[in-house]
Structure formats: C-alpha cells, structure tokens
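A.B. asks: coords below, sequence missing:
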C-alpha cells in the first residue's frame, strides 16, 4: 500500500534567526545549489531536526553550533507557535527518507555575542550545510529562500521585527 502525502507526519525541527549587534541576520548559502550570490532560493537560516529527548531550545543551540560554529549567544525570543511547511511534490518522498510531508518548526531569535571569527561553516565532525554566509536585513530574508519556505520566513520577519528594531536602535 502506498502512503499518501496527507498520511505522512511533519518532521519536528528548529530554526535560528541569529542577529548581530546591528540587527542584521545571519544567512548561509546552501551547498550544492546555484553559485550566484544573489540567486533566489539558495540562502537559508540555520535549522535542523530535534533529537529524541531534546528540548527545542537545546536543539536550536546545538544546530547553530553544528552549522556555524557559533556558541556565544543570548536567547532573545521564540515564535509563539510552531510554523509548518509542506514539501513541494518534486521533493516529497526524496528527502528525509521519504518519511515526512514537511516540517513543523519552532524558531528562536538569538543574538551573537562573539566576534565574527567564531563563525565556522566547516565544524569538525559535522557535514557542512553552507559554503558562504552574510549578514542580511530581516525584511529581505523572505525574498532569498526557496518559494515553499517563503511563508515561514515572512512570519519570522514579522515576529522578530521588534527584536531587529531594538538592536538597530542600540
């Protein structure tokens, strides 16, 4: 019997909106995607799955450290609800072993307290996810991600707008 899209669960996941002192957000360019710096859909925020028995907050800190090397942070906030997206048909059954229809994500706003030299996209013991990174304005992030995640990034830009404004004001 073939399992239908609607019968598949969502993968529990976390994401991080990492702010610098100027209220800009860390974005990484996904490895293996088009090389153009401005290509749409190649950029994303750090994110990943929640391990068994792990709290979302702990998972967010772990994922950030694994993907960026950043550990020196302050938690500024989190999304009040889980945000959900479905995979597009062309990816359904191909990612995550075909076990999930998409992800439900809890997102955290963190402030980077360290020096940029702490950022390392090739953390030993972890497969790199990004090949480049940059600081970006929060309101621009929805325009830089894959279309099926755009509504998530729009919600993040809205939810964390006060955090960015507070950091920009000093």
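C.D. replies: Structure received. All figures in this text were calculated on a predicted structure; none of them were measured in a lab. Numbering: from 1, shown residues only.

A.B. asks: wait, what's in contact with residue 30?
C.D. replies: Counting by CB atoms under 8 Å, 6 or more residues apart in numbering, residue 30 touches 42, 43, 44, 129, 130, 131. All C-beta atoms are positioned from the backbone trio N, CA, C, and that covers glycine.

A.B. asks: ok, for the third one, nearest residue in space, not its chain neighbours?
C.D. replies: To tie it back to what came earlier, the one meant is residue 44. Spatial nearest neighbour of residue 44, chain neighbours left out: residue 145 (5.6 Å); criterion: CB to CB, 6 or more residues apart in numbering.

A.B. asks: do the same with residue 43
C.D. replies: Leaving aside its sequence neighbours, residue 43 sits nearest to residue 144 (CB to CB, 6+ apart; 4.0 Å).

A.B. asks: and that neighbour, how many neighbours?
C.D. replies: 20 (other CB atoms under 10 Å).

A.B. asks: Show me the strands in this protein, by range?
C.D. replies: Counting by DSSP state E, the chain has strands at residues 10-19, 25-30, 43-44, 47-49, 73-78, 83-86, 102-112, 130-136.

A.B. asks: closest one to residue 64 among these?
C.D. replies: Each of the strands of the chain has some distance to residue 64 by CB to CB; the shortest is strand 10-19, at 4.8 Å.

A.B. asks: Report all helices and strands that that closest one contacts.
C.D. replies: strand 25-30, strand 47-49, helix 56-68, strand 102-112, helix 150-159, helix 161-169 (3 or more CB pairs under 8 Å, 6 or more residues apart in numbering; DSSP states H and E).

A.B. asks: about what we covered before: pick the one among the contacts of residue 30 closest to residue 72.
C.D. replies: Closest to residue 72, out of all of the contacts of residue 30 and judged by CB to CB, is residue 130, at 18.6 Å.

A.B. asks: Relative to residue 132, how far out is the spatially closest residue to that closest one that is not a sequence neighbour?
C.D. replies: Leaving aside its chain neighbours, residue 130 sits nearest to residue 28 (3.1 Å; criterion: CB to CB, 6+ apart). Computed as CB to CB, to the nearest Å, the residue 28 to residue 132 distance reads 7 Å.

A.B. asks: Verify the contact between residue 44 and residue 31 for me.
C.D. replies: No: taking CB atoms under 8 Å as the definition, residue 44 is not a contact partner of residue 31, at 11.1 Å.

A.B. asks: and residue 23, what does it touch?
C.D. replies: 138, 163, 164, 165, 166, 167, 168.

A.B. asks: let's see it at 7 Å
C.D. replies: Taking CB atoms under 7 Å, 6 or more residues apart in numbering, we find residue 23 in contact with 164, 167, 168.

A.B. asks: And residue 77, by the same measure?
C.D. replies: Counting by CB under 7 Å, 6+ apart, residue 77 has contacts 109, 160, 163.
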